[in-house]
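1. Following is a predicted model, sequence given first.
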Amino acid sequence: MLWFLACCSYLFGTLFDTTNRHHNFKVLAVDYDGGIVGNALRGAYQQLEGPAFFTMELHTPSEYPTEEDMYRAVYKGKYWGSIAAATGASGKLAAAIQGGDAATNYNASDALHYTWNQQRYTSFSQSVIQAGMQQLVGATEIVYNHLNGTQAAQSLNRTDSAAVQALLHPIAATATNIKYAPFGAVILLNTVAMAMPILQQFFFLLVLNGVLAQHKLYTKMTVRSSLLVRRVAGILYTLGAALCQTGYFWAFKEGWDVNGAQFVLTWMTFWLLMHIHLLILDSISTVAPLPVMPFVVILWVFLNLGSTLSPLEIQAGFYHWGICLPSHNAYSVLVTIWTGGADNLLYRALPIMFAWWIVANITTSLTHWRACHIAYKQEQETHPDGTTTSVKDEEAAVGASGDEMLSRHTTLQRQRTIGEAIADQREAYGPSIPPLV
Ligand SMILES: *[C@@H]1O[C@H](CO)[C@@H](O)[C@H](O)[C@H]1NC(C)=O
Ligand SMILES: *[C@@H]1O[C@H](CO)[C@@H](O)[C@H](O)[C@H]1NC(C)=O
Ligand SMILES: *[C@@H]1O[C@H](CO)[C@@H](O)[C@H](O)[C@H]1NC(C)=O
């Protein structure tokens, strides 16, 4: 109860008070217009500005000479979005209100342009960035009406219906979405789908330990060859498990535009992630007592989930250490893969993941060596003469008549109870399915 309370408190804490940290999302703004529309955009932001709204960083056109430069800044992940007041927007609007061709050709959506990336933490980019942009655009129109509505109404060509339209609905926006992710299951990609790889490795570990213990492989093989067996089994299993996970992502992708290369890269990323999880759980399960393992697994799941559920910039500072967790970095790599290169943090994410992999490989090898050592010692203690009687024979001994048992006990002075033998075997092989009983 207390462990779940603690783990869930940690997870819920990652999302605590996030609405008051939306200002940590940075959005780039450039006023190419330099007229009343740009002024209205600034005025609108001043009205909306606050902890629950993203921060709009206003830059000059000399810093970002074209909208293409702004797009690149968002694509790189420097900003969560961008908004521009288009060149000549005010002039076009003023002309449209006066009627004629300018009015017929006037399209309110040309006044503002914004960019966002639906793939990056989808639920947050939708609810904070996209929704915020729409709010900002709506507010810009209202501010324009306040600033210049009276004057605009005076210059209106009342006989031209297009001009009246332009006055009634002067400003709207065109959106550019760096990566459309318009399918329902997308909200699972950084949530439940990040917990599954860990749970799956735990179940595999139980089966692997069970098989090895049943065949008592540690005493029949050299340390190196049994390590090799475990490692190869783990690599093949995670390869298959990663393929399955990528498979169900693709099966439910609906209108998501991703190709075969992205499939393979996703598969490889999950392969690495799953193998890291497997090695970490393997290291811990080999040294930790059996009853501890479910708690360790739950903790590891919640720690990793907390780091992928929401962007770290809106989590409290305490949680920012999550940047070094494998799942956080795997999700970052996956976003880069799915967007075709956007939000590229590979320089940081891949080294962190491979560091985990290398360290976990080393610790798993060490703990495996220890397990083999224990198994060998047990074997020596149980059968110092080198006979190959197994637990089954000990059971037979218990089943036998009291006299026989007594004689066996006197001949094998160091005979231990079955319970002790099983406890020892558990220590060597770790938790397993079928359980050692
Ligand atoms: C206000 O609107 C009128 C008509 O559209 C335009 O001619 C004028 O330049 C605008 N005022 C400013 C300060 O832009
Ligand atoms: C008003 O619009 C009508 C129809 O488009 C056009 O014929 C007329 O010249 C316009 N008036 C002015 C003052 O621009
Ligand atoms: C205005 O421009 C947007 C974006 O380019 C376009 O989708 C829309 O159809 C246009 N509206 C009209 C009335 O032409």
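-> Arrived safely, thanks for sending. Nothing here was measured: the structure is a model prediction, and the numbers come from that model. Ligands and ions are numbered 1, 2, ... in the order given.
2. Up against ligand 1, what does the stretch 1-150 of the chain have?
-> Contact residues, the stretch 1-150 of the chain versus ligand 1 (CB under 6 Å from any ligand atom): G35, I36, S90, A94, I97, N148. To be clear about C-beta, it is placed using only N, CA and C from the backbone, and glycine gets the same treatment.
3. quick one: L212 and ligand 1, what's the gap?
-> For L212, the distance to ligand 1 equals 79 Å [CB to the nearest ligand atom, to the nearest Å].
4. next one: V207
-> 73 Å.
5. That residue is in contact with G430, isn't it?
-> No - under the criterion of CB atoms under 8 Å, V207 makes no contact with G430, lying 11.5 Å away.
6. which of the two has more neighbours?
-> Neighbours were counted for V207 and for G430 using other CB atoms under 10 Å; G430 has more, 26 against 14.
7. Would you report the backbone torsion angles of the more buried one?
-> phi 80, psi 180 (degrees, to the nearest 10).
8. for C8, what are its contacts?
-> C8 is in contact with F302, counting by CB atoms under 8 Å, 6 or more residues apart in numbering.
9. host element of it?
-> Assigned by DSSP states H and E, C8 belongs to helix 2-14.
10. Repeat that for A242.
-> Counting by DSSP H and E, A242 is part of helix 223-251.
11. Please work out the average pLDDT along that helix.
-> When pLDDT is averaged over helix 223-251, the result is 94.
12. Could you check the next helix or strand after that helix and say which residues are buried?
-> Sequence order places helix 260-287 as the next helix or strand after helix 223-251, per DSSP H and E. With burial defined by 16 or more other CB atoms under 10 Å, the residues of helix 260-287 counted as buried are 262-263, 265-267, 269-286.
13. cool, and stretch 105-115?
-> Here stretch 105-115 shows Y106, A108, D110, A111, L112, H113, Y114, T115 as buried, counting by 16+ other CB under 10 Å.
14. Show the model's pLDDT score for the residue of the stretch 101-250 of the chain found nearest ligand 3.
-> Closest residue of the stretch 101-250 of the chain to ligand 3, CB to the nearest ligand atom: N107 (3.6 Å). pLDDT for N107: 95.
15. any chance you could map the strands in the chain?
-> 26-31, 55-59, 81-85, 112-116, 173-177 (DSSP state E).
16. most packed of the ones you listed?
-> Ranked by mean neighbour count under mean count of other CB atoms under 10 Å, the strands of the chain are led by strand 81-85, which reaches a mean of 27.
17. what's the weakest-modelled helix or strand in this protein?
-> helix 391-399 (a mean of 41; mean pLDDT, DSSP states H and E).
18. State the number of residues packed around the residue in the stretch 251-400 of the chain that ligand 2 sits nearest to.
-> The minimum distance from the stretch 251-400 of the chain to ligand 2, using CB to the nearest ligand atom, falls at G255 (41.5 Å). Neighbouring residues of G255 were enumerated by other CB under 10 Å; the total is 8.
19. And for the one 4 residues further on?
-> Applying other CB under 10 Å, we find 8 residues neighbouring N259.
20. H373 too?
-> 13.
21. Excluding sequence neighbours, find me the nearest residue to it.
-> Among residues not flanking H373 along the chain, V223 sits closest, at 7.9 Å (CB to CB, 6 or more residues apart in numbering).
22. Tell me how far the one you found lies from ligand 2.
-> 90 Å.
23. Same question for N148.
-> Relative to ligand 2, and taking CB to the nearest ligand atom, N148 is found at 19 Å.
24. For burial, what's the neighbour tally of the residue lying closest to that residue once chain neighbours are set aside?
-> Leaving aside its chain neighbours, N148 sits nearest to I36 (5.3 Å; criterion: CB to CB, 6+ apart). I36 has 23 neighbouring residues, counting by other CB under 10 Å.
25. could you list every residue that touches I36?
-> S90, L93, Y144, L147, N148.
26. between those, which is closest to ligand 1?
-> N148 (3.7 Å).
27. Pull the number of nearby residues for the closest one.
-> N148, neighbours per other CB under 10 Å, totals 21.
28. Then V232?
-> That count, for V232 with other CB under 10 Å as the rule, works out to 10.
29. how near is it to T286?
-> Counting by CB to CB, to the nearest Å, the gap from V232 to T286 is 17 Å.
30. What of W3?
-> Counting by CB to CB, the gap from W3 to T286 is 21 Å.
31. and what of P61?
-> Distance from P61 to T286, counting by CB to CB: 61 Å.
32. For the closest residue to A342 other than its chain neighbours, list the residues it contacts.
-> For A342, ignoring the flanking residues on the chain, the nearest one in space by CB to CB, 6+ apart is Y75 at 4.7 Å. Shown in contact with Y75 (CB under 8 Å, 6+ apart): N117, I178, G341, A342, D343.
33. Of the residues you listed - the most surrounded one?
-> N117 (26 neighbours).
34. Excluding chain neighbours, what is closest to it?
-> In space, N117 is closest to I178, 4.0 Å off (CB to CB, 6+ apart).
35. Read off the pLDDT value for the one you found.
-> In this prediction, I178 has a pLDDT value of 96.
36. residue contacts, it?
-> Y71, V74, Y75, T115, W116, N117, Q118, Q119, T339, A342.
37. distance of it from ligand 1?
-> When I178 is compared with ligand 1 (using CB to the nearest ligand atom), they lie 33 Å apart.
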